[in-house]
Each structure stands twice: as structure tokens, then as C-alpha cells.
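Undergrad: okay, structure incoming, though there's no sequence with it:
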């Protein structure tokens, strides 16, 4: 085994152990195992081994919990822990923050870089945040700056970030006790956007199955193409295929080539599998579960699935037409390609703003109108409850239905034969306005801190907030203050403005009375 593969193996083992420990800590924090004695396992057979292993793990968790409960924390720390545990949104935020901190620590190790010298703190923190938040923005090129150990750490961060910290903790709880306590179910529901608490167990197991299946299929196709079409050794091709498959399905956009996918701009066997993984991951797990169950009967789909699928098709098709038309004669992007390659590159460019982050053409050479189209597509993002970012297609569609009802003068908002609750309307409006405010504020700050143009800064800020990862090439040059702003945007964008705001709220109150009503002039 050469040094590279030794680094890969060490990185894999390190990431697995560290994040398994992190998930176990969250599970212990939010989930209390059953106190009744476990069912006795039969003496022989594979099932007996599995049951004994679960029983052993359960005993270890119980022992760890008892030790933690025996530790008397200082009063301020104890109050903080209680506030975190009791609030699902805060638990999710703390989980992702812990993953970022752990990832930063691993990337600061000298073995994580090709040079053998420790990366600086900002670079490590930025990369870890980008990976956990499945964004794809980088200060240093992934394939050349980070060693095999560092690349596997990044890959593990991407998978953990896409799968979800609370989802991982829930999976650990299911493996050990085959049940989830309400507190952990609430945290997982907040993270995965499950429709109900009772859906959490099904969602967790479904997320695991879909993730493994899609990533495995795409990795096999890419590995075969890298080996057969580009002469890569099979071991290297398998690693390249796995890395890009995981990055694509999780909408992360990290790649091991300095030009992303530009060298494969005309290769459908590379671009199409990656595009398919991005679209599937961007639909959202609730939609994927429903499509798997009722794919051939659209009339039975829920309103959420109907809106997500319809808006995804409209945005993908519209983006393909607009971007291809805008760049058709641009010699820096599509103009130098053949007819078929132009169509493929245009389709690839339309899929990537769904928060994927790869690019098969030079984004810095795009026309201003194309950058603006990308800004809009990135801001809208993909489906809820998946790996995509942005305000989500359902939020965008709901705002359209609200506007349409107001123009028509209707007293209530209807969508595809259903009436929308007022709470959903307020939530969509809150997400949209908070997102616009964050993007505007960050754009103003970066314009003041950097010499770049409005088009470049707005593109960078929108890409960070929507966890897209596409860039015109200015990420490494915005300075430390700019990097901190982008880190905050990526973190908030992955969690969602409402989740982040709820986690920061000092307290929640129930209104026990209503004030007198008075109308204002609107418009």
C-alpha cells in the first residue's frame, strides 16, 4: 500500500470515528435509552451476534450517560445545555457547529495538506464549513492543496453534512435501541423537514437507503468512464468516481480537478450521471419517498410533491433555454463548442445553480445577463428536506400563489385544488424576506471590503447563501473579513433562515391575548 492509499484509509477511519463519537454525543444528549432489560438473544446464528452487539452498544451508551449525569456542571453551563436540549432548532445548530469545529481540527493537522504544513485557521474553517454545509466554495484547490487524508476528511464532512447530524444521531439510536425518544425525533424533524414526528423513523432509514443507492450507482458509472475513457488506473478511477458521486448527490460541488468539470464539457458519460445525482438529491427526501411509492399515479401526489416536481421541471427547462441562448455565441463559454456540446453544456449550466457547485464552462467568462439568471436560480434553489439550498422551490411557488390570490382579490390562497394555511404563507414570506436581507447586507459588506464589481460580489454571496459553490474566481481574494462573511452565509444557508433565527431566539412566548385591530395603507 503506497502512501496515498494509506492516507486515504487513515482519513476514512479518522472521520468515521470522530463523527461516530459526535453522533453518539448528540444521541446521548437528546435521547435516553430504554431502561428495561434487553430481550435475551439466541445463542447461535448471525441474528444473535447482531443482537449481542446492539446490547453491548446499549450498555456502553447507558454507562456513558450515567457518567455524564454524575458530572456536576457549573450552573451557567448547565443552563446552556438545558436550553439547547429543549429546543430542536438549537440542537440542530449545535450539531452542525460541532461538525464544523471537528472538521476544522482535522484539516489543521499537518498530514491534511500535500506540503505537510498545517493549513491556516481561516482556510481550514472555511473548507470545513463549506463541506459540512455542502456548498463547494474553496480558498485552496481541493485536489492539489489537500493530501489524501485531507480529501477523505472533506468527503466525510460532505456526507455527514448532506446526511445530517441529527439524522445520523437518530440512525445511531435506531441501531442501538430500535426506537427514538421524542426529543431526538423533534430535532430530526426540524433538520429533515419531515411532515410529522411519526415519519422520522421512516425518513431516517429512507435517507440512508437512497443515499447509498444513488451514490453507488453514479460512482460505478463515473469510475468506469474515468478508467475506460481517460486511462485512469482502476483504483484511482474508483476513488474519483466515489468522490464526485458523493459530492454531486449531496449538492456539494467539491471536485478533485482544478477546473471542476470543464475538461469534460462535451462528455455526456461524465456530465449526465453527475447531473442526475444533483437533480435527485435536490428534489428532497420527502419527495423521493413519495415518488418511489406513487411514481405512476401523479394524482395521488401530495401538494408538496406536485409543486416541487413542477417547479423543478420549469426551472430546469427555463434555465436551460435562457442560459444556452444567452451564451450561444460567447466564445469564452459555449461559442467554441459543437451543436451537441452546446446543448449538453447549457443543460449542465442550468442544473448546477440548483446548489450543486460544479461548472463545465468558465463562469468568469459568462455574460452579465447569464450571471443574473444564475443568481435567480441559485436564490430559489431546490426542494425542501434534501441536500439543496436556497429559499426552496416550494417557498418561491407559494409566494406566487399568494400574489395571484391577492391580484384576483380572493379571500384565501388556493394552490392546485388545495387551500394554503395562513401559517405557511407567513413562513414563506419570512424566509424570502430574511434571505433577501441577508444577501443584500452581505453584498453591501463585500462591496465595501473588496475591489470587485457588483455582478461578481452578488454572484459570490448568493452562491454562498444558497450553498451552491459556484464562483467567478474571487473566493480566495475577498480577504479574511470576506471569508468570515461567507462562512456565516454558508452556515445560515444550510440550516435555513428560520431555523437559525429560532435557534438564536432568547425565548419563545405564547401570546395570551390579541390587541385591537387597525388597518394601514399598503402600496
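TA: Noted; the coordinates are in hand. In this text, all values refer to a predicted model and were calculated from it rather than measured experimentally. Residues are numbered from 1 along each chain as shown.

Undergrad: in the stretch 401-523 of the chain, which spans are strands?
TA: For the stretch 401-523 of the chain, strands defined by DSSP state E, counting those that start in this stretch occupy the ranges 414-415, 418-419.

Undergrad: who's in contact with the first one?
TA: The set of residues external to strand 414-415 that reach it, using CB atoms under 8 Å, 6 or more residues apart in numbering, is 303, 307, 397-398, 401, 405, 420. In short, each C-beta sits where N, CA and C put it, glycine included.

Undergrad: which one (most neighbours) among those?
TA: Neighbour counts for those (other CB atoms under 10 Å) peak at residue 307, which has 25 neighbours.

Undergrad: that one: what's it in contact with?
TA: 393-394, 397-398, 415-416.

Undergrad: what's the distance between it and residue 157?
TA: In this view, residue 307 and residue 157 are 31 Å apart by CB to CB, to the nearest Å.

Undergrad: SS state for the residue nearest the centre of the chain?
TA: In the chain, the C-alpha nearest the mean C-alpha coordinate belongs to residue 387, at 3.8 Å (CA atoms, centre = their mean). In three-state terms, and counting by DSSP: H, G, I helix; E, B strand; the rest coil, residue 387 is coil.

Undergrad: thinking again about what came up before, with pLDDT and distance to residue 326 added, can I get the contacts of residue 307 in TSV?
TA: TSV is the format used below for the contacts of residue 307 (pLDDT from 0 to 100; distance: CB to CB, whole Å):
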residue	pLDDT	distance to residue 326
393	90	22
394	87	27
397	91	24
398	90	28
415	84	31
416	83	31
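
Undergrad: nearest residue to residue 14 in space, please, no chain neighbours.
TA: residue 106 (6.4 Å; CB to CB, 6 or more residues apart in numbering).

Undergrad: for the one you found, helix, strand, or coil?
TA: Quick answer, by three-state DSSP: residue 106 is helix.

Undergrad: retrieve the pLDDT associated with it.
TA: Model confidence at residue 106, given as pLDDT, is 89.

Undergrad: now residue 48
TA: At residue 48, pLDDT is 62.

Undergrad: now swap in residue 150 and tell me
TA: For residue 150, the pLDDT comes out at 89.

Undergrad: distance of it relative to residue 108?
TA: 10 Å.

Undergrad: likewise residue 91?
TA: 26 Å.

Undergrad: those two: which has the busier surroundings?
TA: Neighbours per residue (other CB under 10 Å) separate residue 91 from residue 108, with residue 91 holding more: 25 against 17.

Undergrad: and that one, what element?
TA: helix 88-107 (DSSP states H and E).

Undergrad: what comes up buried for that helix?
TA: 88-100, 102-104, 106-107 (16 or more other CB atoms under 10 Å).

Undergrad: could I get the contacts of strand 414-415 as CSV with distance to residue 233?
TA: Below are the contacts of strand 414-415 laid out as CSV (distance: CB to CB, whole Å):
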residue, distance to residue 233
303, 50
307, 46
397, 47
398, 50
401, 53
405, 60
420, 55
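
Undergrad: closest one of the residues you listed to residue 432?
TA: Distance to residue 432 across the contacts of strand 414-415 (CB to CB) is lowest for residue 398, with 9.2 Å.

Undergrad: mind checking how far that closest one is from residue 414?
TA: Taking CB to CB, one finds residue 398 at 11 Å from residue 414.

Undergrad: what touches both of those two?
TA: The contact lists of residue 398 and residue 414 share residue 420, where a contact means CB under 8 Å, 6+ apart.

Undergrad: correct me if wrong: the residue nearest to the centre of the chain contacts residue 162.
TA: Yes. In this structure residue 387 lies within contact range of residue 162 using CB atoms under 8 Å: 4.5 Å.

Undergrad: show me where pLDDT drops low in the stretch 151-300 of the chain?
TA: 164-204 (pLDDT under 70).

Undergrad: repeat that with 90
TA: 152, 156-157, 159-212, 229, 231-232, 235-236, 250-253, 255, 258-260, 280-300 (pLDDT under 90).

Undergrad: and the helices in it?
TA: 165-177, 182-192, 200-230, 234-249, 268-283, 285-294 (DSSP state H, counting those that start in this stretch).

Undergrad: relative to helix 285-294, how tilted is the third one?
TA: Counting by axes from the mean of the first three to the mean of the last three CA atoms, to 10 degrees, helix 200-230 points 90 degrees away from the direction of helix 285-294.

Undergrad: which strands and helices sit next to helix 200-230?
TA: helix 148-163, helix 165-177, helix 182-192, helix 234-249, helix 268-283, helix 285-294 (3 or more CB pairs under 8 Å, 6 or more residues apart in numbering; DSSP states H and E).

Undergrad: residue 349: which of the ones you listed is closest?
TA: helix 268-283 (10.3 Å).

Undergrad: and that closest one, what does it pack against?
TA: helix 200-230, helix 234-249, helix 303-327, helix 339-351.

Undergrad: out of those, deepest packed?
TA: Each of those was scored by mean neighbour count; the highest is helix 234-249, a mean of 22, by mean count of other CB atoms under 10 Å.

Undergrad: show me what that one is packed up against.
TA: helix 148-163, helix 200-230, helix 268-283.

Undergrad: ramachandran angles for the nearest residue to residue 247 once chain neighbours are set aside?
TA: Closest residue in space to residue 247, ignoring its immediate chain neighbours: residue 254 at 4.6 Å, by CB to CB, 6+ apart. Torsion angles at residue 254 (phi, psi; degrees, to the nearest 10) stand at phi -70, psi 140.

Undergrad: and residue 254, what is it in contact with?
TA: Residue 254 neighbours (CB under 8 Å, 6+ apart): 130-131, 136, 138, 142, 154-155, 158, 243, 247, 357, 469.

Undergrad: cool, residue 302 as well?
TA: residue 290.

Undergrad: please tell me how far the residue lying closest to residue 271 once chain neighbours are set aside sits from residue 328.
TA: Leaving aside its sequence neighbours, residue 271 sits nearest to residue 348 (CB to CB, 6+ apart; 5.1 Å). From residue 348 across to residue 328, the span is 15 Å (CB to CB).

Undergrad: do residue 10 as well
TA: In terms of CB to CB, residue 10 sits 48 Å off from residue 328.

Undergrad: cool, and residue 311?
TA: From residue 311 to residue 328 the distance is 25 Å (CB to CB).

Undergrad: kindly report the same for residue 13.
TA: 49 Å.

Undergrad: about what we covered before: now do the contacts for the residue nearest to residue 271.
TA: By CB under 8 Å, 6+ apart, the neighbours of residue 348 are 261, 265, 271, 275, 358-361.

Undergrad: and those as JSON lines, adding neighbour count?
TA: Listed next are the contacts of residue 348 as JSON lines, based on neighbours: other CB atoms under 10 Å:
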{"residue": "261", "neighbour count": "23"}
{"residue": "265", "neighbour count": "23"}
{"residue": "271", "neighbour count": "20"}
{"residue": "275", "neighbour count": "24"}
{"residue": "358", "neighbour count": "29"}
{"residue": "359", "neighbour count": "26"}
{"residue": "360", "neighbour count": "28"}
{"residue": "361", "neighbour count": "26"}
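
Undergrad: pull the most distant pair out of these.
TA: Across these (CB to CB), the longest gap, 14.0 Å, separates 275 and 361.

Undergrad: residues shared between the contacts of residue 387 and residue 162?
TA: 134, 249-252, 281.

Undergrad: tell me the mean pLDDT for stretch 304-318?
TA: Mean predicted lDDT for stretch 304-318 stands at 91.

Undergrad: pull the distance from it to the chain's centre.
TA: Computed by CA atoms, centre = their mean, to the nearest Å, the chain-centroid distance of stretch 304-318 equals 19 Å.
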